[in-house]
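S.K.: coords please:
(2 chains)
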Amino acid sequence: MALARHIYQMFESVVGLENISDDPAVIISYMYQPFGRTHGVWSEIAPEAVLLPGCAEEIAAIARICNRYNIVFKAMSTGWGIHNLPGVEGAIVLDMRRMNKIIEIDEKNMFAVVEPYVSCIQLQVEAMKKGLNCHIIGAGSNTSVLASATSVVGYGPDGLSMGFSGRNVLGVEWVLPTGDILKLGSTGGQSGWFCGDGPGPSMRGIMRGWEGAWGGLGVFTKCAVKLFHWPGPAKIEMKSHPPNYVIKEPLKYFHASLFSFPDLEKLNEAAYRLSESEVGYFISRLSPAFVGMQMAVGQNYVNMWNSGMLKAMLGYSFLFVILANSEREFDYQKEVLNQILKETGGQASPIAETPEMQAETATEVIKVAAVTRSCFRGATGFNTSFGAMDTIDLAFAQLKAGAELKNKYIKKGVIVDDGGDNSATLIFEQGHLAYTEVLILYDLHDKESSDGALEYLKESNQNCIDKFLGPPIFQLSQVGTGKHGLFSPKCHDYDKWQKKIKTAFDPNNTGDPTAYTSPED
Amino acid sequence: MLLELSDYKDDMRRCIRCSICKWPPLAQVKSLRFSNACPSVAKYNFHPYSGGGKLALGLALLEGKLTEATDEMLNILFRCTACGACDSSCKYNAEIEVLWSIYSIRAHVVGAGYQLDEHAIITDSLRREDNPLSFPKSERGKWAEGLDVKDLSKGGRAEIIYHAGCLSCYDPESAAVARDTVKLLVKAGLDVGIRGAQESCCGSSAFQLGFQGEFIKFAESNIDDWNAAGAKTVVTSCACGFGIMKSVYPLLGKEMKFEVKHISEVLADIIKDGRLELRKNLSAQVTYHDPCNLGRKSEQYVPWKGEAKKLLGQFIVREPEKIIHRGWNGIYDPPRNIINSVPGVILKEMERIREYSFCCGAGSGVKQTMNDFALWTARERIEEAKSTGARTIITACPWCKKNFKDAIAELEEKVEVYDVVELAKQAI
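M.R.: Take a look at the predicted model:
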């Protein structure tokens, strides 16, 4: 069903002729979206048009038209993953590419105000010029700052020192599905952007709850995010050739260490104690396959894997990075680290101590620029399972359950054999919170493999319920209509609240409910 | 044929839609202002204008999801300078042939009978006049009239054939640089000749716009002529010509008895070994623009032919291993070495350089057919050049120079643009 011409023209009059298209070549390119799919690369549902709005007022006008004519809309920022696409027929896509400005970096109050298309890497390089840094989510620095702050999850391995996006968000400008423009926190109280919770309305819980509404509650057009002190240089120069860019000059008071432990329990204990000690810039539990795929591709990776070196080096290990302001602080942090490791049986790996590895690690933990290597290039398909943001204990319990379940599917040959343990386990907010994703790699274009992956995901979701492992955040956005029925009864009937919010803020259900919740489910 | 869309099916299916093709390699992003890699998506914004978006289009065409080319599809495919920045950025984290997929999509569309009217002018000119600029073939050799250099079209042999390239043969300002080039080579004592009226197009435009038959005709004819002339080296000033000769000519399977060099390589060598001395102090801050075809697009392309097999369950391995063209083996240092050899000249680098340089906007027929887009792109690059503090742009391609000069004239900016040869000449 194509958009009626007069409706298309109404949209066109809002955004301008050059910023709207329903040409088949444009539409089909927006339907290509492999991330999160279990089979193939194409969405089954074609949007009716793609619009490139330039400001909140244009989006408000679009939303009003949508309400008048019962048209569903879905906004995307950098647009990576199937949750960016509308899940219902007859919808339009709002591509936020034109809204790409850093409105302000408030050096004194340590925050930045950004539009939706500003990526983490763009904000980071600008913040560093002012001695500041920003949190980058685990998916990588190619993602939108605003999207993870307002709408989608938002954890990352630098969370040890820079929190997580849901906590870092301050003032927000929000175009509701009805077309009303709402300003949250101090912005709503006309007091600037410095606070998410007042003076002015604090609606953080409604806006994003724990994991975000995934674009189901309208469009966020500006937000402020906390910035953090950056002790490094204003500009980080790189050397060497692609794909091995590394920082040119070693960072002062930087040290990356790779520690291994005799078992998962000891690793768990060390993780708690280190996080609570409030030292460190970055901590991530690294699995052998994840690291291997960052470093090598094709037959080289297979050889590396088969040699057993990765497993021997990274069995129960984590990467811990110190980045301090002074020699004294650096020494203090190292001492704390050494003390905890001594008491928990942690062994430092000499492999991380070479200047080359220090430079490589510094590049990756600061720029978070090479994550996709580990997730996609091995087998084309990638998905994540388990993954409730909760305690360190729960993260390790998920990890164990994930490895056990995955091994069953590895034996069937339908997913990549990564030893069952392919995950990124991140600890943030001084150990109060942790997150792990159990990753699976499969061939999107091989039916046996993709069917196997889908079966695994279903079983992992059931595992979460049966073993009390919490709701798997990314699966909640993917499973589709009726998904909440699986988890909600075990999780305080959360979806009843979501439906109430959705009904109150979006009475015509025009904000695409697919990845969030629909009152009609 | 060189370009078959089906050869790139696997590449097109491997795009993960991460948008990394839209920016420089992430570790090399230095500011928000200059963080676009792709001129096309930077200007037109819709996703299909990006490298990844074009891969989706190609796959849709191959799988029959799109059965005809709309005007907008032709705009998407050809309002693109094929600069290859998307390809370099993607290959920071992946092994996908983005640029060659784009070439193949264009060839597929052209093969299906679609063509922009503007491109018909180029192809007609190539067929009739052996150049894409609609100038008479008979006037090709005029640029060299009066030059004291061997004209091989009249017989004789030389160790080096200097291939001026189409723009240098017909555009008076570029022709002047070509004349200076020949004089410098002769002055350095090199045995150099030109092909005068018999020189013809390198075929770069035809290749990049998807006209494979035309390209092959020009490329094979050039290889035959250069072999017959007994030259050891073919030297060109045109980065577009250099790029195509280095990266694509070898795929034709014809023996090439000569080496291809860009003039910046030769000049850098003769400056280094003292055959050309740069003595004059020019006292200037300059910045250098890397032409795409001289840099990332001049690596010899080796298409992958083999089998994908699965190990470790579903882990895909290519046999034989794929050779990855990441762009860093292009010509980057010789022009910089020339600049740094000039007394008093300080090179101030832009943010986007070498394999992740931003395009000037002229490539792939865009200058001739979509000048608005060419100038928009040039303006972006000029802004970046100005941000270095320099007010002089040095480049090593007549097309880049012309496009920058046109944009500067329109902007009424006080920025100067010189070819690296002109800089060297001024310093003698």
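
S.K.: Tell me, how many residues neighbour A:Gly205?
M.R.: 10 (other C-beta atoms under 10 Å in any protein chain shown). All C-beta atoms are positioned from the backbone trio N, CA, C, and that covers glycine.

S.K.: Could you grab the helix/strand/coil label for it?
M.R.: helix (DSSP: H, G, I helix; E, B strand; the rest coil).

S.K.: mind exporting the helix or strand of chain A with the lowest mean pLDDT as PDB, just the C-alpha atoms?
M.R.: In chain A, no helix or strand scores lower on mean pLDDT, DSSP states H and E than helix A:473-478, which sits at a mean of 78. Output in PDB follows, covering the C-alpha atoms of helix A:473-478 (Å, rounded to 0.1, in the frame of the first residue of the first chain):
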ATOM      1  CA  ILE A 473      17.800  -7.400  26.800                       C
ATOM      2  CA  PHE A 474      18.600  -7.700  23.100                       C
ATOM      3  CA  GLN A 475      16.200 -10.500  22.600                       C
ATOM      4  CA  LEU A 476      13.300  -8.500  24.000                       C
ATOM      5  CA  SER A 477      13.700  -6.100  21.100                       C
ATOM      6  CA  GLN A 478      13.800  -8.800  18.600                       C
END
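
S.K.: How far off centre is the longest strand seen in chain A?
M.R.: Ranked by residue count and defined by DSSP state E, the top strand of chain A is strand A:433-443. Taking C-alpha atoms, centre = their mean, to the nearest Å, one finds strand A:433-443 lying 12 Å from the centre of the chain it belongs to.

S.K.: gap between the next helix-or-strand element following it and the chain center?
M.R.: Counting by DSSP states H and E, the next helix or strand C-terminal to strand A:433-443 is helix A:447-466. Relative to its parent chain, helix A:447-466 has a centroid offset of 21 Å by C-alpha atoms, centre = their mean.

S.K.: Who are the packing partners of helix A:447-466?
M.R.: Counting contacts by 3 or more C-beta pairs under 8 Å, 6 or more residues apart in numbering or on different chains; DSSP states H and E, helix A:447-466 packs against strand A:380-385, helix A:392-412, strand A:433-443, helix A:473-478, helix A:484-487.

S.K.: which of the ones you listed sits most buried?
M.R.: The highest mean neighbour count among the helices and strands packed on helix A:447-466, using mean count of other C-beta atoms under 10 Å in any protein chain shown, belongs to strand A:433-443: a mean of 27.

S.K.: Mind listing what's buried along stretch A:184-204?
M.R.: Residues of stretch A:184-204 classed as buried: A:184-188, A:192-196, A:200-204 (neighbour count, 16 or more other C-beta atoms under 10 Å in any protein chain shown).

S.K.: Off-centre distance for that stretch?
M.R.: Distance, centroid of stretch A:184-204 to centroid of chain: 25 Å (C-alpha atoms, centre = their mean).

S.K.: mean confidence for that stretch?
M.R.: Averaged over stretch A:184-204, pLDDT sits at 92.

S.K.: Skipping its backbone neighbours, what lies nearest the residue nearest the centre of chain B in space?
M.R.: Centroid-nearest residue in chain B, with C-alpha atoms, centre = their mean: B:Asn293, separated by 2.3 Å. With sequence-adjacent residues excluded and distances taken as C-beta to C-beta, 6 or more residues apart in numbering or on different chains, B:Asn293 is closest to B:Gly243, at 3.1 Å.

S.K.: do A:Gly511 as well
M.R.: For A:Gly511, the spatially nearest residue (C-beta to C-beta, 6+ apart) is A:Pro177, at 3.7 Å.

S.K.: Which positions in the stretch 1-150 of chain A make contact with chain B?
M.R.: Residues of the stretch 1-150 of chain A lying near chain B by C-beta under 8 Å from any C-beta of the partner chain: A:18-19, A:21, A:23-26, A:28-35, A:41-42, A:50, A:52, A:78-80, A:95, A:97-98, A:100, A:102, A:118-119, A:121-123, A:125-126, A:140-142.

S.K.: Show me those residues that map onto helices.
M.R.: If you go by DSSP state H, the residues of the stretch 1-150 of chain A next to chain B have A:24-26, A:28-31, A:121-123, A:125-126 in helices.

S.K.: quick one, strands of chain B?
M.R.: With strands called from DSSP E, chain B shows them at B:150-151, B:160-163, B:192-194, B:233-236, B:259-262, B:284-288, B:307-311, B:315-319, B:345-347, B:392-395, B:416-419.

S.K.: Show the residue spans covered by the helices in the stretch 251-400 of chain A.
M.R.: Applying DSSP state H, counting those that start in this stretch to the stretch 251-400 of chain A gives helices spanning A:264-276, A:288-295, A:298-306, A:309-314, A:327-344, A:355-367, A:371-375, A:392-412.

S.K.: deepest of these, which one?
M.R.: helix A:371-375 comes out most buried of the helices of the stretch 251-400 of chain A by mean count of other C-beta under 10 Å, with a mean of 25.

S.K.: Who are the packing partners of it?
M.R.: helix A:288-295, strand A:433-443.

S.K.: quick one: contacts for the closest residue to A:Ile440 other than its chain neighbours?
M.R.: Nearest non-adjacent residue to A:Ile440, counting by C-beta to C-beta, 6+ apart: A:Ile415, 5.0 Å away. Neighbour list for A:Ile415: A:379, A:406, A:409, A:440-442, A:449, A:452-453, A:456, B:313-314 [criterion: C-beta atoms under 8 Å, 6 or more residues apart in numbering or on different chains].

S.K.: sec struct for A:Ile415, please.
M.R.: coil.

S.K.: how near is it to A:Trp80?
M.R.: Separation of A:Ile415 from A:Trp80 (C-beta to C-beta, to the nearest Å) stands at 22 Å.
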